[in-house]
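In: When you get a sec, could you give me coordinates for this:
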Amino acid sequence: GINQFEALDRNGVDFDGVKVRLGGAFAVQFQALEHSSGLGADTLAQIGNNFNLPTANLDVDVALADGLRMHMRTYLSSRPHPESWVKGGYIQVDKLDFIREGLLDNIMDITTIKVGLMEINYGDYHFRRSDNARAIYNPFVGNLILDAFNTEAGAEIYLTPGDFLFMAGVTNGKLNQGVATNGQNRAAFLGKVGWDKEINADLRTRITGSIYT
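Out: Below you'll find the predicted structure:
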């Protein structure tokens, strides 16, 4: 995962049938902290040095057809939830050969479509953050206090001509999915532009800008 960002590499393994790949992650934190309210009547829970609830992820990746794949991540446990729940999943389309061979090849050579309930591509830090039990790429283990991370239902379309990246997306704008509107059932829009180039084997340069509204 080091120096991996958008998973848009079109030089992957050739499709030779439906295949399923399972992966996972496990993490446990040892905590040694003290706390107090400073208000005289200390009502905080008494804590000591010990382990927090372990976290675990289960990943399922499926090659469905040439240029068509599915990803799903399930949190088997997460702080502070001992129950399992689905973080999200999406379908990614890099070719349209599963509809008709050669369909829109010239366009799809630089186009990727993602549809699902997924982690939206806002900024670049979310590629480095700990994602529940997947903490191996984050030297801080925990994440930032202000964390640019969300999962929403929607779609993102990518264009990658040369070393440039352009993305436009639309989502339902909701973190907690449900049909209650509270008078605010509106779409959210996001975009990303960037330049990403491997100068040589020892130097890669990347700059991106994102918008969410």
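In: For stretch 180-192, buried residues please.
Out: Burial within stretch 180-192, assessed by neighbour count using 16 or more other C-beta atoms under 10 Å, is assigned to Ala188, Leu190, Gly191, Lys192. Every residue, glycine included, has its C-beta placed from N, CA and C.
In: Likewise for stretch 60-71?
Out: For stretch 60-71, by 16+ other C-beta under 10 Å, it's Ala63, Leu64, Gly67, Leu68, Arg69, His71.
In: What is the nearest of the buried residues of stretch 180-192 to Leu44?
Out: The shortest separation between Leu44 and any of the buried residues of stretch 180-192 is 36.9 Å, and it belongs to Ala188 (by C-beta to C-beta).
In: how far away is that closest one from Gly209?
Out: For Ala188, the distance to Gly209 (C-beta to C-beta, to the nearest Å) stands at 17 Å.
In: before we move on, what about Gln177?
Out: Applying C-beta to C-beta, one obtains 28 Å for the distance of Gln177 from Gly209.
In: Check what pLDDT Ser37 gets.
Out: Taken from the predicted model, the pLDDT recorded for Ser37 is 79.
In: which one is it nearest to, not counting chain neighbours?
Out: Leaving out its chain neighbours, the residue that sits closest to Ser37 by C-beta to C-beta, 6 or more residues apart in numbering is Leu44, at 5.5 Å.
In: same question, Leu22
Out: Leu22's closest residue in space is Val60 (C-beta to C-beta, 6+ apart), at 6.1 Å.
In: I figured that neighbour was touching Arg69, is that so?
Out: No - assessed by C-beta atoms under 8 Å, Val60 is found out of contact with Arg69, at 10.9 Å.
In: Spatially, which residue comes closest to the residue nearest to the spatial centre of the chain, not counting chain neighbours?
Out: Residue closest to the mean C-alpha point of the chain, counted by C-alpha atoms, centre = their mean, is Glu119 at 4.0 Å. The shortest distance from Glu119 to any non-neighbouring residue, by C-beta to C-beta, 6+ apart, is to Thr151 (5.3 Å).
In: how about low-confidence regions in this protein?
Out: Judged against pLDDT under 70, the low-scoring parts of the chain cover residues 1, 9-13, 40-42.
In: circling back: report the separation between the residue nearest to Glu119 and Ala25.
Out: 17 Å.
In: same for the longest strand along the chain, what does it pack against?
Out: Scanning the chain for the longest strand, with DSSP state E as the assignment, gives strand 188-200. The contact analysis (3 or more C-beta pairs under 8 Å, 6 or more residues apart in numbering; DSSP states H and E) places strand 188-200 against strand 151-159, strand 164-171, strand 203-212.
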